[in-house]
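Colleague: got a structure for you, letters missing:
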């Protein structure tokens, strides 16, 4: 019988205690952040969207090689010896045109492995994390700064230069062959553009990505 | 109020239509406000913010947007449902809770119907809600709905008893069932309210009737008929669009109705707590609505404080705690009056 009364007393008392707790919480400031209006400060080394500063890119493919998910698509074209491609901000001479530098950010796993090997520190993580798209093709970011016309022009010149060099080499080879008659037979290999630049063989018919 | 309307247009149809529609003019904005308030109260009690966007200031227009959305929603009726009952149920539920407003005295000048059996009428007519809920659960042809409806019926039937017994203590003191008359008997400031008379019997009766009214409106901690974690949404699982909104409206109308009955019987209704100060028909409505809204707030407060009871605990509270204590209160008050 006593338990009946103590149970009632304790239940009423615990309800009152609970009401006190919730009433106190009614006036404690909310922990909610009004997200799009107010944003939390990100940690200093937060990894979000990649950014490539193309002015500094020397087309070395280090980032592409480091990437575990292959989200890069880079094409480089050799610069001509007569051309001056400028210097990077870290003082390296640029030798390659980079007409294509795409990052498929949908594939990117934000590991940051591409950032560390970059010799000119031109690829880095930014603090931008709001880049949802309605079409996943929009998630392929084109960082290349060259216009399609410029890229085609560069490719054409490089191919021409290549051809010239090959022709010169072939001429030199035949000249050499002619002078020592008893030399071992070296096949002339007519159209051999022996070590082509990675971008060079791609025919200019492939539409450059805009 | 009735005289005023009669002086405008002397026609029964006009006067009764307006008198019947006036509480609706209160319920609709009240329900919009109360739903918003419930969301804000629940959010702040959990250290959140709740709706903040719609309308600017603390999301005040959120429920208006919600109701506009509900109006546009497709009305889905399950293929195996009993179409007629399914259609009828939300209306009966709302009629049940709205009919109670007919005898609730909003102020000294306004009561829908000043009948002499006002309290009896309210208790009787609000039981119609159970019929509607059972109808909704049965016609949905869904096991969750049926479970919810059955639980609701069991709960309301059980809790009507302690609730009515607790209200009887006041009826014994007042000697009338006319709610306007009960209000008049509580004139003369705070100390004359029934809750402070025959202390502590009427105060205990007040607590009992309030707890029982929570159960009758299916509010937490007695919300097992619509226990989300067990029954999806209970009897209104299969409802959508405006029919669902009608259930919602009925729940909030019911919340205010039981709060209003508590306020009328125990806390002086439209009487000002300051004797003659701030009394009058309009102030009366103000006091009445303030008291009602306070209890609506307490209901929300309890909802976000207490967990849901088990069915056996529910029955234990009703039959082994509230009912005997309500009888004890009646006995105490009766003995006091005789001595």
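Modeller: That came through fine. What you are looking at is a predicted structure, and each value in this text was computed from that prediction instead of being measured.
Colleague: Give the burial count for the nearest residue to residue B:116 once chain neighbours are set aside, as a bare number.
Modeller: Closest residue in space to residue B:116, ignoring its immediate chain neighbours: residue B:178 at 4.9 Å, by Cβ to Cβ, 6 or more residues apart in numbering or on different chains. Where C-beta positions appear, they are placed from N, C-alpha and C, glycine not excepted. Using other Cβ atoms under 10 Å in any protein chain shown as the criterion, residue B:178 is surrounded by 20 other residues.
Colleague: doesn't residue B:120 make contact with residue B:178?
Modeller: No. Taking Cβ atoms under 8 Å as the definition, residue B:178 is not a contact partner of residue B:120, at 10.0 Å.
Colleague: give me every residue that touches residue B:270.
Modeller: Contacts were defined as Cβ atoms under 8 Å, 6 or more residues apart in numbering or on different chains; by that measure residue B:270 touches B:105-108, B:183, B:284-285, B:287-288.
Colleague: hmm, 10 Å instead?
Modeller: With contacts defined as Cβ atoms under 10 Å, 6 or more residues apart in numbering or on different chains, residue B:270 is in contact with B:105-111, B:180, B:183, B:186, B:263-264, B:279-291.
Colleague: Flag every buried residue along the helix or strand hosting residue B:297.
Modeller: Here residue B:297 sits within helix B:281-303, counting by DSSP states H and E. Taking 16 or more other Cβ atoms under 10 Å in any protein chain shown as the neighbour-count basis, helix B:281-303 is seen to contain the buried residues B:283-285, B:287-289, B:291-293, B:295-296, B:299-303.
Colleague: returning to that earlier point: what touches both of residue B:178 and residue B:120?
Modeller: The contact lists of residue B:178 and residue B:120 share residue B:103, where a contact means Cβ under 10 Å, 6+ apart.
Colleague: For chain A, which residues are neighbours of chain B?
Modeller: Those residues of chain A that sit near chain B, judged by Cβ under 10 Å from any Cβ of the partner chain, are A:4, A:7-8, A:11-12, A:14-34, A:36-37.
Colleague: Buried subset of these, written for ChimeraX?
Modeller: Those of the residues of chain A next to chain B that count as buried under 16+ other Cβ under 10 Å are selected in ChimeraX with:
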select /A:18,19,22,25,26
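Colleague: So is the helix or strand that residue B:154 is a member of next to chain A?
Modeller: In this assignment (DSSP H and E), residue B:154 forms part of helix B:143-174. No. Applying Cβ under 10 Å from any Cβ, one finds that helix B:143-174 is not in contact with chain A, the shortest distance being 13.5 Å.
Colleague: Output the contacting helices and strands for whichever helix or strand comes after that helix.
Modeller: Past helix B:143-174, heading to the C-terminal end, the next element that is a helix or strand (DSSP H and E) is helix B:179-185. Using 3 or more Cβ pairs under 10 Å, 6 or more residues apart in numbering or on different chains; DSSP states H and E as the contact criterion, the elements in contact with helix B:179-185 are strand B:105-107, strand B:110-111, helix B:118-126, helix B:143-174, helix B:241-266.
Colleague: Show me what the first one packs onto, helices and strands only.
Modeller: What it means is strand B:105-107. helix B:12-45, helix B:179-185, helix B:241-266, helix B:281-303.
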